[in-house]
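K.L.:
Compute the structure for the input listed below.
(2 chains)
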Amino acid sequence: MDWDILVALLAAAVQSGTPILYATLGEMLSEKGGVLNLGVEGMMSVAALAAFLTAHLTGSAWLGLAAGGAAGACLALLHAVVCIGFLGNQVVSGLALTILGLGLTHFFGTPFIGLAAPGFSKFSLPLLGSLPVLGDILFRQDALVYLSYLLPAGFWFFLQRTRPGLAVRAVGEMPAAVAAAGLHPLRLRFFTAVAGGGLVGLGGAYLSLAYTHLWTNGLSAGRGWIAVALVIFAFWKPGRAVIGAYLFGGVMAFQLRLQATGTNLPSSLLLMLPYALTVLVLVFSAWRGRAAGAPAALGVNIEPEG
Amino acid sequence: MDQLPARPEHLALPDAEPVVALRGLTKRFGKVLANDSITLEIRPGRIKALLGENGAGKSTLMGMLAGRLAPDAGRIEVDGRKTRFASAREAIAAGIGMVYQHFMLVDAMSVAENVLLGQEPGFLLSPRDMERRVAELAVRYRLEIDPAARVGDLSMGEKQLVEILKLLARDSRVLIFDEPTAVLTPAETFRLFEALWSMTSQGKAVVFISHKLEEVLAVADEIAVLRAGKVEAELRPEEIGSKADLARIMIGKDVLLEVDRTAAEVREQVLEIRNLTGLGLADINLTLQRGEILAVVGVAGNGQKPLVEAVCGLTRPPRDTIFILGKPWREYYADPDWKHTLSYIPEDRLGLATMRNKNLVDNMLLTTRKGFRKGPLLRTGQAEAKTRALVKRFDIKPGRVRVLAWQLSGGNLQKAVLARELFREPRLIVAEQPTQGLDVAATEEVWRRLLDARDMAGILLVTGDLNEALQLADRVAVMYRGRVVAQFPVTDQEQVDRIGLYMAGVTES
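P.N.:
So this is what the prediction gives:
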């Protein structure tokens, strides 16, 4: 294979891994606080539409990004009210959220198919962008990709080196201990679930504002589900989430390119590749880690006392 | 339990002003008067033991002190000032902290993180700094613990130390311990007592809730005995003649810490274990006849568990080693009848013996459903009537059959299990720690029921309580490292005196 093609492929892997990375970290934050949210796919899709419409109407990509984040946070708030407020089943509520989100997007998005919106364009970072190979892969991307480079470290720092982060970890493990320590487990869970939803929303916004600049239905294309699986693959560690996200980005970019070369392989088989990899990754995680690192109270609602 | 440490002399500080005083505290639940005008003073530098049977009102009283319950009458004074706690948080802020029986710890986090969770404001934290601070605190109160260790890796005793450190870290002045030794080994109990003394010598006040007489006598500076919601007596350990005296005050009538037993008629053999090796056991040979009780004793973890599991069908023993009611193990467990067979009374009452979220009827059917079947259906009406009769006969409180298993107190739950198993009229009973955690009255009742059951069954009693073994059993088998190192009738006083040695694996003089 030609060297230039490989570099281009890796750059594409980073780009298509970025929305997955946002969504994975968002879901990870929510799960660290003990709230399992299977609505990622629906949240990403609604956020993509909200971001596109806002950018389309206002002409500002940044406002679009904010709208995407807000849309993700709003849907996560709905999930939080159902699960934390009314002790609903987290799995059921999350699945409902996905169906709701995909339905809303399809219904409201269809009239806008083919319209364009201002989005984020690639630019080369000074100095770093002129590095050989690495510059081409990592530093000739758009602003949201650069932002995502800082995210995992910030995520780690928040959880491991700050008091609120300590409390978030504790509430995902043993809410009763948090209450006994005089903190507020329910508030903490609301906060992490909604903040996680905001991150997922940014991932969705990336799809319509940077990945494409056009609206089309089905933009999320299963990335939300991949994010849910990647949280498990990453053993709830942000560093491993980066590896996972770019691995999937790579496979997605690869199958696109392979289709473009006019290969004889049926396209549906290629489209299946990322999901086949998802299954493999989950098998690998189960075999290696036995769900190591899963917060002990993940998916378990906080029952009121007495 | 007779190796408890001796209380250091004159450790208690001279009479100081009480940190906390309870004045005429009264609490009702509906018609039940749980606490009736209780007055107590808790002084710094003292260990105040609160002794009482289950249901005497200890938990209610401490619930009010810890801010979880609001008193109906009376008041709490902290440093002489009248105080009202609206929540546990306010009680903690006033310096009153409680170590609960069920630990509130995050297994996945370190000791230091657990101790300092929710402590003081600030945004950033440094693990090294946190570990240093917790280490200092531990050294100051002579608690041995590694602040960097993951809590999930700790023993029960060490986890309790973490709970104590949590209270010390927030400068609690009154530390309340609710049945703290229930989860501890004797060695850990010893270390806990030393930690308590270390805390009181530095001016902390300790409240020690228990129904274990020996421990209260060993550790307390002052003893308050609670009975039926009232303070029955306030004593100093020196004023108490014997354990029996204290027990008499506690339950209000003379306790049979000893039971009268007359030998029952010994009939056919119901259990035979022949050269059982494997499952962590070595060369076990035991027989049991209907009409007798064989006690298996030993330090926990010396093979009692695998023995019980093999006999009760939870694990599969090697061929031709265990014979139940004359049948080889495989043949017996191929299709055991529900009646006139083996009954198992497990140690784990709320896990193995009962379903915690099911009512007493369903729990009764757990082992007796074959007796209520009608083709593929269950005669539920009959089962409910039978359960109601058993609840009445065994006096299981609160006297309703729709109550869920977890809502029963330990003693009543055990009575329910006994009622169910005796209803099966077993020929062989395996009773595992049948009175662990029960109060004196419930223990006595369980003993009586077991002694009465000898008429129909042979009983294999696996217990860690030597007194229980000697009170009930006809013969005693001592286990050590998976072997039965000695087996003798309880009338053989010479051998009985050597049980301690046998349990330590010393068999030759």
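K.L.:
show me where the stretch 201-350 of chain B has helices.
P.N.:
B:213-219, B:243-251, B:304-311, B:329-334 (DSSP state H, counting those that start in this stretch).
K.L.:
Just put those helices in TSV and tack on mean pLDDT, distance to chain A and mean neighbour count.
P.N.:
Yep, even glycine has a C-beta here, placed from its N, CA and C like the rest. Shown next, in TSV, are the helices of the stretch 201-350 of chain B (pLDDT from 0 to 100; distance: least, C-beta to the nearest C-beta, whole Å; neighbours: other C-beta atoms under 10 Å in any protein chain shown):
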stretch	mean pLDDT	distance to chain A	mean neighbour count
helix B:213-219	84	25	21
helix B:243-251	69	29	17
helix B:304-311	93	25	22
helix B:329-334	93	32	15
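K.L.:
Quick one: those helices as JSON lines, columns for distance to residue A:12 too.
P.N.:
As requested, the helices of the stretch 201-350 of chain B are exported to JSON lines (distance: least, C-beta to C-beta, whole Å):
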{"stretch": "helix B:213-219", "distance to residue A:12": "70"}
{"stretch": "helix B:243-251", "distance to residue A:12": "78"}
{"stretch": "helix B:304-311", "distance to residue A:12": "59"}
{"stretch": "helix B:329-334", "distance to residue A:12": "63"}
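K.L.:
Please name whichever of those helices is nearest to residue A:134.
P.N.:
Among those, helix B:304-311 comes nearest to residue A:134, with 59.7 Å by C-beta to C-beta.
K.L.:
so which residue of the stretch 51-200 of chain A comes closest to chain B?
P.N.:
Using C-beta to the nearest C-beta, the closest approach of the stretch 51-200 of chain A to chain B is made by residue A:181 at 3.2 Å.
K.L.:
okay, now that residue: neighbour count?
P.N.:
22 (other C-beta atoms under 10 Å in any protein chain shown).
K.L.:
Touching, residue B:41 and residue B:17? I think so.
P.N.:
No - with contacts defined as C-beta atoms under 8 Å, residue B:41 does not count as touching residue B:17, sitting 9.1 Å away.
K.L.:
of those two, who's got more company?
P.N.:
Set residue B:41 next to residue B:17 and count neighbours by other C-beta under 10 Å: residue B:41 wins out with 19 against 10.
K.L.:
Quick check: the more buried one vs residue A:280, distance?
P.N.:
Separation of residue B:41 from residue A:280 (C-beta to C-beta, to the nearest Å) stands at 68 Å.
K.L.:
Repeat that for residue A:269.
P.N.:
Distance from residue A:269 to residue A:280, by C-beta to C-beta: 16 Å.
K.L.:
wait, what's in contact with residue 279?
P.N.:
If you meant another chain, say so; for now it's chain A. By C-beta atoms under 8 Å, 6 or more residues apart in numbering or on different chains, residue A:279 lies in contact with nothing.
K.L.:
my bad, the chain I had in mind was chain B
P.N.:
B:306, B:309-310, B:315, B:317.
K.L.:
Pick out the residue of chain B closest to chain A.
P.N.:
Counting by C-beta to the nearest C-beta, chain B gets nearest chain A through residue B:118, at 3.2 Å.
K.L.:
That residue in helix, strand or coil?
P.N.:
Following DSSP: H, G, I helix; E, B strand; the rest coil, residue B:118 is assigned to coil.
K.L.:
what does the model give the nearest residue to it once chain neighbours are set aside for pLDDT?
P.N.:
Ranked by C-beta to C-beta, 6 or more residues apart in numbering or on different chains and with sequence neighbours excluded, the top spatial neighbour of residue B:118 is residue A:181, at 3.2 Å. At residue A:181 the predicted local distance difference test score is 83.
K.L.:
Distance of the residue lying closest to residue B:328 once chain neighbours are set aside relative to residue B:331?
P.N.:
In space, residue B:328 comes closest to residue B:320 once its chain neighbours are excluded; the distance is 6.2 Å by C-beta to C-beta, 6+ apart. Using C-beta to C-beta, residue B:320 is found at 11 Å from residue B:331.
K.L.:
near chain A at all, stretch B:341-359?
P.N.:
No - using C-beta under 8 Å from any C-beta of the partner chain, stretch B:341-359 stays clear of chain A, with a minimum separation of 12.8 Å.
K.L.:
how long is that stretch from one end to the other?
P.N.:
Taking C-alpha to C-alpha, to the nearest Å as the measure, stretch B:341-359 stretches 25 Å from start to finish.
K.L.:
Report the buried residues of that stretch.
P.N.:
By 16 or more other C-beta atoms under 10 Å in any protein chain shown, the buried positions in stretch B:341-359 come out as B:341-347, B:349, B:353-354, B:359.
K.L.:
and the residues you listed as TSV, adding distance to residue A:8 and pLDDT?
P.N.:
What follows is the buried residues of stretch B:341-359, written out as TSV (distance: C-beta to C-beta, whole Å; pLDDT from 0 to 100):
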residue	distance to residue A:8	pLDDT
B:341	75	93
B:342	73	94
B:343	74	94
B:344	69	95
B:345	72	94
B:346	66	92
B:347	66	88
B:349	67	87
B:353	67	92
B:354	65	93
B:359	68	92
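K.L.:
Next to chain B, which bits of chain A? Give me the list.
P.N.:
Checking chain A against chain B by C-beta under 8 Å from any C-beta, the hits are A:160-164, A:166-167, A:169-170, A:173-174, A:176-183, A:295-296.
K.L.:
Name the residue of the stretch 1-150 of chain A that lies nearest to chain B.
P.N.:
For the stretch 1-150 of chain A, the residue closest to chain B is residue A:32, as judged by C-beta to the nearest C-beta, at 10.8 Å.
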